[in-house]
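> with the input below, show me the fold.
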Amino acid sequence: MAVTYNAAVKTARMTATRDHFANGTLEILTAADAVLATFGLDAAGGTVSGAVWTLVFDNSTVAAGASGTAAKAQVKTSGGTAHLTGLTVGTSGSDINLDSVSITSGQNVTLSSATITHAA
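Predicted coordinates for the structure are as follows:
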């Protein structure tokens, strides 16, 4: 049988997750784990509404540090440890949505949205 969490537990877990990663970073990666772009999470880490954590960043546009195709993302703590990995990346309908997944070193990379939803 699948585990199901009630709304209060989902909110509490997502709030704890947000707080754990506050002031950390979001890295956009290729399939081979090359870092294409890094976004700094703001000091609060974002907002939580129900089962959804909406990440908020210091800047929604950064310069790419490498070239490649964005395939996944990870969130690191302020200490630099990746504790949330395997996030989907795309231009819509993904955990992390960018203006384009085709990235060239030096180009501006813009986040259009970044949300993490608690499992059922």
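> helix or strand: which one has E27?
strand 25-29 (DSSP states H and E).
> for the helix or strand following that strand, packing partners?
Of the helices and strands lying after strand 25-29 in sequence (DSSP H and E), the nearest is strand 35-49. Other helices and strands packing on strand 35-49, by 3 or more Cβ pairs under 8 Å, 6 or more residues apart in numbering; DSSP states H and E, are helix 7-21, strand 25-29, strand 52-57, strand 61-63, strand 108-117. The way it works is simple: take the backbone N, C-alpha and C, and place the C-beta from them, glycine included.
> which one of the ones you listed lies nearest to K72?
Closest of the helices and strands packed on strand 35-49 to K72 is strand 25-29, at 5.2 Å (criterion: Cβ to Cβ).
> rounded mean pLDDT for that closest one, please.
Mean pLDDT, strand 25-29: 98.
> next one: stretch 113-120
The model assigns stretch 113-120 a mean pLDDT of 93.
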